[in-house]
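*Asks:* Just a sequence and a predicted model for now, questions to come.
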Amino acid sequence: MQQHGWPSRRSGLTYLLGFGLALATAEIVLIAGHVVLGMTLHAALLLVATAQFALAREPARESIIAALLPLTRLVSLAVPTGEIDHSLAYALVSGPLLIAALLVAREVAPRMLATELGRPRTPWTQVRLAGLGLPMGLLLLQAAEGAPAGPAAAQFSLIAVVLVTALFEEVLFRGLLQHVVAARSPLLSLLLPNALYATMYLGSGSPAVVAAMASIGLILSICVLRTGSLWGVSAAHAIARLIAGFA
Amino acid sequence: MVTTVDQPVLQLFAARTDIRDVAGALVVIILVALLVQREILRHRAALPAQRRTVTAMAAAVGVAWVAIVTERLVALL
């Protein structure tokens, strides 16, 4: 069966599950203090994923999308935080990653660009969804209590950059990943991308934050599934971040 | 955010120059590997979209590398 020009293979889901486990291993190794080994595992995962996509006779688009996850970690570790302005750190990391996600989406999931990132069918619903950012931000504040402190919030100049960063995360997790998994299983499209999303928060050092992010991700996924647009959830995500003072 | 910026444990690592250098070197290795894959695809009867996707990924990694180098240059100045 062909879908958007890419083979629709059940093995794509198995691939994402296996990739998720390997990604979690790399994150745990990294956080445990074996930083170079953890980064090497991330690089190996990225290379395996891109090689699978480039060299396989029947490439699975899940592999090139999954490659964006270790790329995110490596690029973010290559940019200093604390030494430079947070706006610049966000821009240096999120800018190229958003470009990567959009370029990959253009080739392997063009329909996602036209629908989830297109003009929303129900603009006012998207505006109302943005309001979800308030309770989500409060939940994050509660979850982060007692966790190691993140950077201080909310210079005005950060707001635009946070929007870009939130958009990148939504395009990757609730956009690309959810879109390709939903083609096979709507239920798994809610669970699998958010399991990967929570995995990428292991570096927060707080199980409560990881659980909160998984819950928030699940709520945002349901909103995207029901409304078919990423704009409202991206705004909610950015608002939640600014309220929680993580930005 | 899933990036290091909001994750305190990872921030400690990103504050170390040696770790940032290793991460930067890995980004370069990935960029080279993607360019090699692109050349392999050019010589094979690959799907055009497959080649375009690898090219797009290489372009984005290239942008990330330029961003990293720019940060280093700004820090030096």
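*Replies:* Arrived safely. Numbers count the residues shown, from 1 in each chain, chains lettered A, B, ... in the order given.

*Asks:* right, and the secondary structure at the closest residue to A:Leu132 other than its chain neighbours would be what?
*Replies:* Excluding its sequence neighbours, the residue lying closest to A:Leu132 (CB to CB, 6 or more residues apart in numbering or on different chains) is A:Ala236, at 4.2 Å. C-betas here are computed from N, CA, C, even on glycine. Look at A:Ala236: counting by DSSP: H, G, I helix; E, B strand; the rest coil, its state is helix.

*Asks:* my guess is A:Ala236 meets A:Leu129, correct?
*Replies:* Yes: if you go by CB atoms under 8 Å, A:Ala236 and A:Leu129 touch, sitting 5.7 Å apart.

*Asks:* before we move on, the earlier item: pLDDT wise, what is the residue nearest to A:Leu132 at?
*Replies:* A:Ala236 carries a pLDDT value of 91.

*Asks:* show me what contacts it?
*Replies:* A:Leu129, A:Ala130, A:Gly131, A:Leu132, A:Gly133, A:Met136, A:Leu220, A:Cys223 (CB atoms under 8 Å, 6 or more residues apart in numbering or on different chains).

*Asks:* Name the residues contacting each of A:Ala236 and A:Leu129.
*Replies:* Contacts common to A:Ala236 and A:Leu129, judged by CB under 8 Å, 6+ apart, are A:Cys223.

*Asks:* contacting residues for A:Ala214?
*Replies:* With the criterion set at CB under 8 Å, 6+ apart, A:Ala214 makes contact with A:Asn194, A:Ala195, A:Tyr197, A:Ala198.

*Asks:* repeat that for 7 Å
*Replies:* When contacts are counted by CB atoms under 7 Å, 6 or more residues apart in numbering or on different chains, A:Ala214 touches A:Asn194, A:Tyr197, A:Ala198.

*Asks:* Just the element for it, please.
*Replies:* helix A:207-227 (DSSP states H and E).

*Asks:* Which of the residues in that helix are classified as buried?
*Replies:* Of all the residues in helix A:207-227, those buried under the rule 16 or more other CB atoms under 10 Å in any protein chain shown are A:208-210, A:212-214, A:216-221, A:223-224, A:227.

*Asks:* Dump that helix to PDB, keeping only the CA atoms.
*Replies:* Extracted in PDB, the C-alpha atoms of helix A:207-227 (Å, rounded to 0.1, in the frame of the first residue of the first chain):
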ATOM      1  CA  PRO A 207      10.200  12.300  37.600                       C
ATOM      2  CA  ALA A 208       7.400  14.700  38.300                       C
ATOM      3  CA  VAL A 209       8.400  16.900  35.400                       C
ATOM      4  CA  VAL A 210       8.700  13.900  33.100                       C
ATOM      5  CA  ALA A 211       5.200  12.700  34.100                       C
ATOM      6  CA  ALA A 212       3.800  16.200  33.700                       C
ATOM      7  CA  MET A 213       5.300  16.600  30.200                       C
ATOM      8  CA  ALA A 214       3.900  13.200  29.200                       C
ATOM      9  CA  SER A 215       0.400  14.200  30.500                       C
ATOM     10  CA  ILE A 216       0.600  17.600  28.800                       C
ATOM     11  CA  GLY A 217       1.800  16.000  25.600                       C
ATOM     12  CA  LEU A 218      -1.100  13.500  25.600                       C
ATOM     13  CA  ILE A 219      -3.600  16.400  26.100                       C
ATOM     14  CA  LEU A 220      -2.100  18.300  23.200                       C
ATOM     15  CA  SER A 221      -2.100  15.200  21.000                       C
ATOM     16  CA  ILE A 222      -5.800  14.700  21.600                       C
ATOM     17  CA  CYS A 223      -6.400  18.300  20.700                       C
ATOM     18  CA  VAL A 224      -4.500  17.900  17.500                       C
ATOM     19  CA  LEU A 225      -6.300  14.700  16.700                       C
ATOM     20  CA  ARG A 226      -9.700  16.400  17.200                       C
ATOM     21  CA  THR A 227      -9.000  19.800  15.600                       C
END
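
*Asks:* How far does it sit from its chain's centre?
*Replies:* 11 Å (CA atoms, centre = their mean, to the nearest Å).

*Asks:* So in chain B, where's the weakest helix or strand by average pLDDT?
*Replies:* Within chain B, confidence by mean pLDDT, DSSP states H and E is lowest for helix B:8-14 among all helices and strands, at a mean of 76.
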